[in-house]
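Undergrad: I need the structure of the sequence given here:
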Amino acid sequence: MTLSDLIYSLDLFGVAVFAISGAMAARQKQMDPFGVLILAAVTAIGGGTLRDVLLGFDVFWISNNTYLYVILVSALLTMLWPLARAWQYRVLTLADAFGLALFTIMGMERAMQAEVSSLVAIVMGVMTGVAGGMIRDILSGQIPLILRREIYATASLMGALTYSALSYYSLDQRYAMLIAMVVILTIRLTAIRWQLALPNLSSR
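TA: Next up, the predicted model:
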């Protein structure tokens, strides 16, 4: 498998898991099938759409409709999945963590194609990772994860910084991507498991 094929496959997988997280959030709120599809779509393509518009690229899902089919199938499977309510939150958080890891690095890859600076690539990566989840949470009537004390955007940022550093030292791109994704997943899942959070800023 070539590097471009690997990146494309990971991008599709990221769309699928973020679509599942969006559909699961809608399912928890007992939305109708149309609401499930909307939340799945905005979660899966929201961040990438904003990234492509800012970078001046053709929006990825407009030029390649495969992404829309992946969203549709993922949303339908989530709606039909006979999952106990006690497991819905676990599936949502796990899918969201994988989506965050995949989209952060895929967002950076896309930005690097525009030959932007490392700082801009990091910003685009984090934005790609968190924007879709923000839209999902707002539409489902929740405070976005990025605005809570949970370690969410911080995990994305640490992974983006890791990938930038490994790329700077010319590590094989496949290994650099894998390591950076593992960093994001490890930080995010550890924070969920042990309920770790950033400290609040006091009035002092």
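Undergrad: alpha carbons only for contacts and neighbour counts from here, please
TA: Will do.
Undergrad: have a look at the protein and report its longest helix.
TA: If each helix of the chain is counted by residues according to DSSP state H, the longest one is helix 85-113.
Undergrad: I'd like the average pLDDT over that helix.
TA: Helix 85-113 comes out with an average pLDDT of 91.
Undergrad: so after that helix, what's the next helix or strand?
TA: Counting by DSSP states H and E, the next helix or strand C-terminal to helix 85-113 is helix 118-139.
Undergrad: list the buried residues for that next one?
TA: Neighbour-count burial for helix 118-139 flags 118, 121-137, 139 (criterion: 16 or more other Cα atoms under 10 Å).
Undergrad: point out where the chain drops to low pLDDT.
TA: Low-confidence segments of the chain (pLDDT under 70): 86, 201-204.
Undergrad: all helices of it, in order?
TA: 3-28, 33-55, 60-63, 66-80, 85-113, 118-139, 153-168, 173-194.
Undergrad: for Leu145, which of those is the nearest?
TA: When the helices of the chain are ranked by proximity to Leu145, the top entry is helix 118-139, at 6.9 Å, counting by Cα to Cα.
Undergrad: helix 85-113 and the closest one, what's the angle between them?
TA: Orientation of helix 118-139 against helix 85-113 (axes from the mean of the first three to the mean of the last three Cα atoms, to 10 degrees) gives an angle of 150 degrees.
Undergrad: which residues does helix 118-139 contact?
TA: Residues outside helix 118-139 that contact it (Cα atoms under 8 Å, 6 or more residues apart in numbering) are 22, 25, 39-40, 42-48, 50-51, 96, 99-109, 111-112, 143-146, 153, 156-157, 160-161, 164.
Undergrad: of all the helices of the chain, which lies closest to Asn200?
TA: Checked against Cα to Cα, the stretch from the helices of the chain lying closest is helix 153-168, at 14.4 Å.
Undergrad: buried residues in the closest one?
TA: 153-164, 166-167.
Undergrad: give the other helices and strands that that helix contacts.
TA: helix 85-113, helix 118-139, helix 173-194 (3 or more Cα pairs under 8 Å, 6 or more residues apart in numbering; DSSP states H and E).
Undergrad: sorry, back to before: Arg193: which of the buried residues of helix 153-168 is nearest?
TA: Ala155 (14.0 Å).
Undergrad: contacts only, for the closest one.
TA: 183-185, 187-188.
Undergrad: quick revisit: just send the helices of the chain back as a markdown table, with distance to Asn200 too.
TA: Listed next are the helices of the chain as a markdown table, based on distance: least, Cα to Cα, whole Å:
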| stretch | distance to Asn200 |
| --- | --- |
| helix 3-28 | 26 |
| helix 33-55 | 27 |
| helix 60-63 | 38 |
| helix 66-80 | 35 |
| helix 85-113 | 23 |
| helix 118-139 | 20 |
| helix 153-168 | 14 |
| helix 173-194 | 16 |
